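Enquirer: take this sequence and fold it.
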Amino acid sequence: MKNTLTLSAEGCERATAYCMSNKIARRADGLYVTWLDRAFRIMIARVDPVAGRADRPYAIAQGYDNHCAAALAAAPDGRLHAVIGSHCMGFIHRWSDEPADPRSWSLPIGIGMAATYPSLVCDGEGTLHLAYRYAPQNGRWGVQTMHCPRGGGWSWPLLLIQAPADGYFFPSNCLAMGADGVLHLAWNFYKTFPNELAPAHPMVVAHLESPNGGKTWRHTDGREVRCVPVGLEDVTPVKFKGGGDVLLGNIATLPDRQPALVLMDPAPGRIELAVRGADRRWALHDISGVLADLRPGWRLGGWDNAQLAVTRDGLLIVVIPFAPHAGLPREQDLVLAWVDPVSGKILRHAFVPKPAPNEPDWLASIEKGAPANPADNPYVLFTGGVGNATANTRVHLMQIPQQPVDLTNG
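Expert: Predicted structure coming up:
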């Protein structure tokens, strides 16, 4: 598929949010892509990338607000899983062995509690791993994890991470499965204030890993996690900034099995890649220069999250929001950057072609490839336009070229 494909003209205002949820899954019969439509239905469509067309989309669940989109994961045997909704309530899990047929999906199973923002991956044995924000009505919020072996039931939620204080918490909880079977989790810690005297803001990015599917966990520096939930005082930060805001995009694993993160600091307009070395130390590469001189007065987008993918030969591909101001975008473009993870050198950059010149493009969701078979040409899903009660957004899909090439002059 060489050109941008518009999958829907009836998306909701956050049709392709959020950064931790994989929305593109590959099977032998094509790509499966999910988004949230204007009626908050969870839509799915099969895409034939060779022919550049999509089947008619259909709904697999009904949500109730703009946070109820799904996360997809394809098992090694081809079974497609979806964890769907919610906003501080419970998810549902459905699966299908023949997802081109809308009638093939399993009955819904309720899972999770006080749950939002699912991050879902599948390991080589077909076991599902799920992480999500846990937001109880009273007490501190956190990140809970669950797992489900093929043919089995879901585990009881484990409160793995807990916020340092009461108050708002957007952890950007994201999972990645390495080719070596190591499960990686990255998230934000927030600074909160009593009685909401000041806005909460993210100040720490942290990382844990599990060599055995979540049975035990290690801190990013190799220390064993001896007590859960893990608190702010326990971690070795990937990055700390006491005054905020340090926003996490997503996590991916490199061919050398080390994790990589994409970080945003909107106030100074800084975007960084965090890459862990074999010595377990993190190197931070400032790639903000990719945005310099692209368009006068524009900068790193302040609301949207950047996204990261790894190619088979180990290049990092970053999708960066680019806007004239912070906040919900009335104007925004998306910029692609190909980066060497060792040196942090920007090898090439290009604009994502705009399907509609006068609409913002935002809420990018890059394909998170299977750990043993990363895509050299991943796809990126994004939203066009800003929806409201009377206006729809459009849902677009584009394949990123295998080699860095000029896409458009912006």
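Enquirer: and the closest residue in space to P401 that isn't next to it in sequence, how far from A131?
Expert: Spatial nearest neighbour of P401, excluding adjacent residues (CB to CB, 6 or more residues apart in numbering): N377 at 6.4 Å. C-betas here are computed from N, CA, C, even on glycine. Using CB to CB, to the nearest Å, N377 is found at 27 Å from A131.
Enquirer: one more: G369?
Expert: The gap separating G369 from A131 is 18 Å, by CB to CB.
Enquirer: go on, G110?
Expert: Distance from G110 to A131, by CB to CB: 18 Å.
Enquirer: ok, the two, which is more surrounded?
Expert: Per other CB atoms under 10 Å, whichever of G110 and A131 has more neighbours is A131, with 28 against 12.
Enquirer: would you confirm that the more buried one contacts L183?
Expert: No: taking CB atoms under 8 Å as the definition, A131 is not a contact partner of L183, at 9.4 Å.
Enquirer: overlap in contacts of those two?
Expert: Residues within reach of A131 and of L183 at once, by CB atoms under 8 Å, 6 or more residues apart in numbering, are L175.
Enquirer: from P76, how far off is the residue nearest to P401?
Expert: Between N377 and P76 the computed distance is 21 Å (CB to CB).
Enquirer: try S106
Expert: Relative to P76, and taking CB to CB, S106 is found at 18 Å.
Enquirer: swap in S119?
Expert: On the measure of CB to CB, S119 and P76 end up 19 Å apart.
Enquirer: ok, the two, which is more surrounded?
Expert: S119 (31 against 14).
Enquirer: could you confirm that one falls within a strand?
Expert: Yes: using DSSP: H, G, I helix; E, B strand; the rest coil, the assignment for S119 is a strand.
Enquirer: is it in contact with V143, as I believe?
Expert: No: if you go by CB under 8 Å, S119 and V143 don't touch, sitting 9.2 Å apart.
Enquirer: mind listing the strands for the stretch 251-400 of the chain?
Expert: 259-265, 270-276, 282-286, 299-300, 307-310, 316-323, 333-339, 346-351, 361-366, 379-384, 393-399 (DSSP state E, counting those that start in this stretch).
Enquirer: again with the stretch 51-200 of the chain
Expert: Using DSSP E, counting those that start in this stretch, strands in the stretch 51-200 of the chain cover 53-54, 58-62, 70-74, 80-84, 87-96, 109-122, 128-134, 142-148, 158-162, 174-177, 183-191.
Enquirer: can you put these in JSON lines and add distance to F240 and mean pLDDT?
Expert: Shown next, in JSON lines, are the strands of the stretch 51-200 of the chain (distance: least, CB to CB, whole Å; pLDDT from 0 to 100):
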{"stretch": "strand 53-54", "distance to F240": "43", "mean pLDDT": "94"}
{"stretch": "strand 58-62", "distance to F240": "39", "mean pLDDT": "98"}
{"stretch": "strand 70-74", "distance to F240": "28", "mean pLDDT": "97"}
{"stretch": "strand 80-84", "distance to F240": "31", "mean pLDDT": "97"}
{"stretch": "strand 87-96", "distance to F240": "28", "mean pLDDT": "97"}
{"stretch": "strand 109-122", "distance to F240": "23", "mean pLDDT": "97"}
{"stretch": "strand 128-134", "distance to F240": "21", "mean pLDDT": "98"}
{"stretch": "strand 142-148", "distance to F240": "18", "mean pLDDT": "98"}
{"stretch": "strand 158-162", "distance to F240": "16", "mean pLDDT": "98"}
{"stretch": "strand 174-177", "distance to F240": "19", "mean pLDDT": "96"}
{"stretch": "strand 183-191", "distance to F240": "9", "mean pLDDT": "95"}
